[in-house]
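A.B. asks: let's see this in three dimensions:
(one chain, ligands or ions: 1)
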Amino acid sequence: MKPRIALIAHDKKKDDIIALAAEYVDFLRGCRLSATGTTGGRLANELGLTIERMHSGPFGGDLQIGAKLVEGEIDAVVFLRDPMTPQPHEPDINALVRACDVHNIPCATNVSTGRLVLSQLMLLARKK
Ligand SMILES: O=C(CO)COP(=O)(O)O
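C.D. replies: Numbering: from 1, shown residues only. Next comes the predicted model:
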């Protein structure tokens, strides 16, 4: 089965997630991707990725990704949070990260960890 990956970034981290996704774009093309609204729009427009786009984060997108994850439909999350800017939907953000911990789903919250997670998923996918 194709790896199912959720990609999310706060506004000041969006350039970072585009750059990160660009590094792995060939692998990501073979994955089933979901994203919050604005992040997904940029990934689709700038990298040509096919993505299931949820609502924007402040309008419930993190919760939608969390619900998919709870249903067993997400294998890994790359969520580049902005640690320097308060977010109006902080409870939703915490709920998604908590859901990852509850269900033991890898959740990369910075670029370095994102690289480790995507590299490993890529290796595992090659072995299959
Ligand atoms: O706010 C977000 C995650 O908490 C991201 O939402 P957008 O991708 O719609 O900007």
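A.B. asks: would stretch 27-43 count as contacting the ligand?
C.D. replies: Yes. For stretch 27-43, a contact with the ligand is found by C-beta under 6 Å from any ligand atom, at 36-39. To be clear about C-beta, it is placed using only N, CA and C from the backbone, and glycine gets the same treatment.
A.B. asks: give the buried residues for that stretch.
C.D. replies: Neighbour-count burial for stretch 27-43, counted by 16 or more other C-beta atoms under 10 Å, picks out 27-28, 31-40, 42-43.
A.B. asks: could you do stretch 7-14 as well?
C.D. replies: 7-10, 13-14.
A.B. asks: Arg4 touches Arg32, doesn't it?
C.D. replies: Yes. Judged on C-beta atoms under 8 Å, Arg4 makes contact with Arg32 at a distance of 4.6 Å.
A.B. asks: show me what from the protein comes close to the ligand.
C.D. replies: Of all the residues in the chain, those lying near the ligand are 8, 10, 36-39, 56-58, 61-62, 93, going by C-beta under 6 Å from any ligand atom.
A.B. asks: closest to Glu23 out of the residues you listed?
C.D. replies: Thr39 (16.2 Å; C-beta to C-beta).
A.B. asks: for the closest residue to Ala76 other than its chain neighbours, give me its contacts.
C.D. replies: Nearest residue to Ala76, sequence neighbours excluded (C-beta to C-beta, 6 or more residues apart in numbering): Pro106, at 4.6 Å. Residues in contact with Pro106 (C-beta atoms under 8 Å, 6 or more residues apart in numbering) are 75-77, 100, 117.
A.B. asks: now swap in Gly66 and tell me
C.D. replies: Neighbours of Gly66 in contact, by C-beta under 8 Å, 6+ apart: 92, 95-96, 99.
A.B. asks: give me that answer again for 6 Å
C.D. replies: 95-96, 99 (C-beta atoms under 6 Å, 6 or more residues apart in numbering).
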